[in-house]
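Visitor: sharing a model that was predicted from the sequence below.
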Amino acid sequence: MKVLVADKFEPSGLDALTTAGCEVIFEPEASGDTLVAALGKTMAPVLVVRSTQVTGAMMDAGALSLIVRAGAGVNTIDVGAASKRGIYVSNCPGKNSVAVAELTMGLILALDRRIPDNVAELRAGTWNKKEYSKAKGLLGRTLGLLGFGHIGREVARRARAFGMPVLVWSRRFSEDGIARSSAETEFDVRVVDSPQDLMSGSDIVSIHVALTKDTRGFVDAELLSHLRTGAYIVNTARAEVMDYAALKQAVQQRDLRVGLDVFENEPSAATAPFTDALITDPRVYGTHHIGASTDQAQEAIAAETVRIIRTFKETGKVPNVVNIAKQTPATHLLVVRHRDKPGVLAHVFEYLRVAQLNVQETENIIFDGAHAAVARINLDGAPSARALDAMQSGNADILDLQLVKL
């Protein structure tokens, strides 16, 4: 199986893919037209990317069956286009969680102790202990986590070690009381009912919601207005979940201190000129979108990417797939008990074709000895009684038919 890796990737992962029997084509600089050309030339069924954009036009250029995002999220991939083309999209959730959580805590500490300013003055030849002795400290200060997935949980663990009470808001807790109670018990946190409650009840807020159509621009002027004057806010998630114009205004009006690892209009290159109105404010500290960039995280992501591809190669199944329908539009289930002989299911499917019924899902369960089987076929409609009778009478190896309305 050919695997085109069109981004940076750990050497250990490349070696493991080769060991797994894959033909690896490593083109880390491929993007845009060069990626289109590479997909067309290699006809690789598997594509691995990190930050490289993958479009529908790229998918049409080759013979893709699987796209793996070597990281969390899939925002660089046109998942809708992949779904229309029957291409699996998978990612590596949770594998960079510790790295991002560590940077989150680093930014919180930096904001409180003004570490970057300390270093800058020392390098400039100034000793200013009087100024930098001023700090609130973290013990007893309430940390609010907006979102409580893999990364939020790791931040909570570290915050509790600092003696910080932790508030949590997650949309899923409003829908699942059992999950809410379990999170409170396991992580020693308090779940609040709304994002506004989280903002108003926290000294420090850290954002960990995933980027979806519902969370784009989620942290807006209204939500920021609930922060206490002088509060800290950290974003190591996605720039798109926050209204940065509103944040700039809130910094000025409410004297917020801000730590950012993600920015609007980030350069696509690893090194490039960069300007941002927010980062010129002395109350704002920034890092270069490096949350997942530790050796440990990248090794873990590479190992998970290899696991996904190996599983696909050996079984046809895809771990962590993100674009499989949670519920098909099937309305009826056809259960066919039959002798396990060639042509039985082809006979059934021919009747379904004539009736213009679409098969949404199917499985064939084999009994011991491989003499008989039961096929379960999900359909988008119901065959007529006449069609069912003809289907069964037309093949002596069909033992029984049942139609169940879903």
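Guide: Received, thanks. Numbers count the residues shown, from 1 in each chain.

Visitor: distance between the ends of stretch 193-205?
Guide: Start-to-end span of stretch 193-205 (Cα to Cα, to the nearest Å) is 16 Å.

Visitor: mind listing what's buried along it?
Guide: By neighbour count with 16 or more other Cβ atoms under 10 Å, stretch 193-205 contains the buried residues 195, 198-205. Yep, even glycine has a C-beta here, placed from its N, CA and C like the rest.

Visitor: just these: which are in strands?
Guide: 204-205 (DSSP state E).

Visitor: nearest to A82, of the buried residues of stretch 193-205?
Guide: In terms of Cβ to Cβ, no member of the buried residues of stretch 193-205 lies closer to A82 than P195, at 31.3 Å.

Visitor: for the closest one, give me its contacts.
Guide: Each residue near P195 by Cβ atoms under 8 Å, 6 or more residues apart in numbering is listed here: 146, 169, 218, 223.

Visitor: what do you get if the cut-off is 7 Å, keeping everything else the same?
Guide: Residues counted as contacts of P195 (Cβ atoms under 7 Å, 6 or more residues apart in numbering) are 146, 169, 223.

Visitor: got it, and F187?
Guide: 153, 156.

Visitor: same question for I25.
Guide: Contacts for I25 (Cβ under 7 Å, 6+ apart) come out as 2, 4-5, 42, 44.

Visitor: quick check: closest non-adjacent residue to P329.
Guide: The shortest distance from P329 to any non-neighbouring residue, by Cβ to Cβ, 6 or more residues apart in numbering, is to D380 (5.7 Å).

Visitor: where's the one you found relative to L334, distance?
Guide: To L334, D380 is 11 Å away according to Cβ to Cβ, to the nearest Å.

Visitor: ok, L14 to A20 distance?
Guide: Applying Cβ to Cβ, the value for L14 to A20 is 11 Å.

Visitor: show me where the stretch 301-406 of the chain has its helices.
Guide: 344-354, 385-393 (DSSP state H, counting those that start in this stretch).

Visitor: and the longest one, average pLDDT?
Guide: Put plainly, it is helix 344-354. Regarding helix 344-354, the rounded mean pLDDT is 95.

Visitor: CA atoms only for it, dumped as PDB, please.
Guide: Below are the C-alpha coordinates for helix 344-354, written out as PDB (Å, rounded to 0.1, in the frame of the first residue of the first chain):
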ATOM      1  CA  VAL A 344     -27.400 -16.000  -2.600                       C
ATOM      2  CA  LEU A 345     -26.800 -12.400  -1.600                       C
ATOM      3  CA  ALA A 346     -26.400 -11.400  -5.300                       C
ATOM      4  CA  HIS A 347     -29.900 -12.800  -5.900                       C
ATOM      5  CA  VAL A 348     -31.200 -10.700  -3.000                       C
ATOM      6  CA  PHE A 349     -29.500  -7.500  -4.100                       C
ATOM      7  CA  GLU A 350     -30.800  -7.900  -7.700                       C
ATOM      8  CA  TYR A 351     -34.400  -7.800  -6.400                       C
ATOM      9  CA  LEU A 352     -33.500  -4.800  -4.300                       C
ATOM     10  CA  ARG A 353     -32.000  -3.100  -7.400                       C
ATOM     11  CA  VAL A 354     -35.100  -3.800  -9.400                       C
END
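
Visitor: what's the angle from it to helix 385-393?
Guide: Angle, helix 344-354 to helix 385-393, by axes from the mean of the first three to the mean of the last three Cα atoms, to 10 degrees: 160 degrees.

Visitor: counting by contacts, list what helix 344-354 packs against.
Guide: Helices and strands touching helix 344-354, by 3 or more Cβ pairs under 7 Å, 6 or more residues apart in numbering; DSSP states H and E, are helix 385-393.

Visitor: show the average pLDDT along the helix it packs on.
Guide: Averaging pLDDT along helix 385-393 gives 94.

Visitor: name the surrounding residues that touch that helix.
Guide: 348, 351, 355, 398, 401, 403.

Visitor: from the residues you listed, list just the buried residues.
Guide: Buried among those (16+ other Cβ under 10 Å): 348, 351, 398, 401.
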